[in-house]
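S.K.: Only the shape, not the letters, is given here:
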């Protein structure tokens, strides 16, 4: 256990997610977390981040950050292909690790460095499953061997709606017979998200990992509470596609959904079968208008729970013109503030990002595992890439 209350955080990456983390760490109570150093791809990015958040040390090389004795835990807010090498280096340096989702991804790491986009996305999905799972397992093993904690950044598990639902499930003592959930919005405008070599997948990997992580976690906890054994997934069926390629959509002069996906899916549907016979249905889409939609429905033998992460009805607003609210933030991925909207009062709180950071800091201070750990991230990767195999082959995949 770390005796001092202040927990030193080394931030690796200085983009959108690193900004979210900085906001959340500033609100954590009890252990006084502080970002003591930042490493980013460019000195300009690191300098800007350090200035915005009062970070005393900055580097363009994460190895220098790992050498700092005041760093207790590193937070990996970097592209998917960098997760394994940085996590292994951090574990070897004796640092606890927070890794954003997904834990790993297949981006052609087993191919020659000059492999084309087509060669990478054309790899047999069974090979992708093998490589991505091996990378995730290597991260878990590296943390175990070094005696550090690997924490998996799945914020859905910590969202207030799902946390409350978890308590009600325990109180009801009912069996979860089905889970339905998904995350959808109007797609990413980043060109990198549209190419397999940069992301390791499309909507299923970027969006579907959220509900899959929550579903696997809730079934694990149900089994542990009932008979001391986690309930695990045993089979996956799936379909994926690019809805922007529907001829009538492609023919439109200005389709409102995001187009231009190169070799990744922008829609996916997955069915997960668990070893107790229960099922989970997952959907992920980059072709949904109206802002971020994040929802989980839990069907029990004696009750039913509906978790609305986004949008929610804590606040509803109407504006006859987009300029009425000026530059005020409404919610993620909404295209216009005109008409009826649901401005989320505190998205870091409602999405679970704040509670997740609170527990990760406490886990480091108390030297204990977090609820969302590397093994959960490994299980999610196994399901996601098994789903890619199922979609490619048209067959149910046994885990």
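M.R.: Now that the structure is in, tell me what you want to look at. Model, not experiment: these values are computed from the prediction.

S.K.: can you pull the pLDDT of the closest residue in space to residue 259 that isn't next to it in sequence?
M.R.: Of all residues not flanking residue 259 in the chain, residue 244 sits nearest, at 4.2 Å (C-beta to C-beta, 6 or more residues apart in numbering). Backbone N, C-alpha and C define where each C-beta goes, glycine included. Note for residue 244: predicted pLDDT of 95.

S.K.: And residue 250, by the same measure?
M.R.: So, for residue 250, pLDDT stands at 87.

S.K.: contacting residues for it?
M.R.: Residues in contact with residue 250 (C-beta atoms under 8 Å, 6 or more residues apart in numbering) are 244, 259.

S.K.: Repeat that for the one 5 residues further on.
M.R.: When the contact criterion is C-beta under 8 Å, 6+ apart, the partners of residue 255 are 244, 249.

S.K.: Residue 153 versus the residue of the chain most remote from its centre, what's the distance?
M.R.: Here the chain reaches farthest from its C-alpha mean at residue 320, the gap being 35.0 Å by C-alpha atoms, centre = their mean. The gap separating residue 320 from residue 153 is 39 Å, by C-beta to C-beta, to the nearest Å.

S.K.: For residue 62, grab the count of nearby residues.
M.R.: Neighbours of residue 62 under the rule other C-beta atoms under 10 Å: 25.

S.K.: One more: the one 3 residues further on?
M.R.: Around residue 65 there are 25 other residues, counting by other C-beta under 10 Å.

S.K.: if I pick it, what's in contact with it?
M.R.: Per C-beta under 8 Å, 6+ apart, neighbours of residue 65: 10, 12, 37, 38, 39, 57, 59, 71, 74.

S.K.: try 10 Å
M.R.: Counting by C-beta atoms under 10 Å, 6 or more residues apart in numbering, residue 65 touches 10-12, 36-39, 46, 57-59, 71, 74, 86, 90, 93, 95.

S.K.: Now do it, the pLDDT please.
M.R.: Looking at residue 65, the pLDDT reads 98.

S.K.: Over to residue 102?
M.R.: For residue 102, the model assigns a pLDDT of 97.

S.K.: now do residue 6
M.R.: 87.

S.K.: same check, this time on residue 57
M.R.: 97.

S.K.: which residues touch it?
M.R.: By C-beta under 10 Å, 6+ apart, the residues touching residue 57 are 10, 35-39, 46, 50, 64-65, 68, 70-71.

S.K.: May I ask which two of these are separated the most?
M.R.: Farthest pair in the contacts of residue 57 (C-beta to C-beta) is 46 and 70. Separation: 16.9 Å.

S.K.: higher neighbour count, those two?
M.R.: Set side by side, residue 46 and residue 70 show more neighbours around residue 46, with 23 against 15, by other C-beta under 10 Å.

S.K.: Name the helix or strand for the more buried one, please.
M.R.: helix 43-53 (DSSP states H and E).

S.K.: contact partners of that helix?
M.R.: Residues contacting helix 43-53 (C-beta under 10 Å, 6+ apart): 11, 13-15, 18-19, 21-23, 25-26, 34-35, 37-40, 42, 55-60, 65.

S.K.: how about that helix: buried residues?
M.R.: 45, 46, 47, 49, 50, 53 (16 or more other C-beta atoms under 10 Å).

S.K.: go on, stretch 328-347?
M.R.: Residues of stretch 328-347 classed as buried: 330, 331, 333, 334, 337, 341, 342, 343, 344, 347 (neighbour count, 16+ other C-beta under 10 Å).

S.K.: All the helices of the stretch 151-300 of the chain, residue numbers only.
M.R.: 160-172, 196-199, 203-206, 209-227, 247-250 (DSSP state H, counting those that start in this stretch).

S.K.: Redo those helices as JSON lines? Include distance to residue 390.
M.R.: JSON lines is the format used below for the helices of the stretch 151-300 of the chain (distance: least, C-beta to C-beta, whole Å):
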{"stretch": "helix 160-172", "distance to residue 390": "26"}
{"stretch": "helix 196-199", "distance to residue 390": "17"}
{"stretch": "helix 203-206", "distance to residue 390": "11"}
{"stretch": "helix 209-227", "distance to residue 390": "13"}
{"stretch": "helix 247-250", "distance to residue 390": "25"}
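
S.K.: Most tightly packed of these?
M.R.: Of all those, helix 203-206 has the most neighbours on average by mean count of other C-beta atoms under 10 Å, namely a mean of 28.

S.K.: wouldn't residue 275 be in contact with residue 232 here?
M.R.: Yes: with contact defined as C-beta atoms under 10 Å, residue 275 and residue 232 form a contacting pair (5.4 Å).

S.K.: hey, what's in contact with both of these two?
M.R.: Residues touching both residue 275 and residue 232 (C-beta under 10 Å, 6+ apart) are 219, 223, 399.

S.K.: which residue packs closest to the first one, ignoring adjacent ones?
M.R.: It refers to residue 219. residue 231 (4.3 Å).

S.K.: Count residues in the vicinity of the one you found, would you?
M.R.: Residue 231, neighbours per other C-beta under 10 Å, totals 22.

S.K.: and if you look at the one 10 residues further on?
M.R.: Neighbouring residues of residue 241 were enumerated by other C-beta under 10 Å; the total is 17.

S.K.: again with residue 147
M.R.: 10.

S.K.: which residues of the chain score low on pLDDT?
M.R.: Within the chain, the ranges that satisfy pLDDT under 70 run 1-5.
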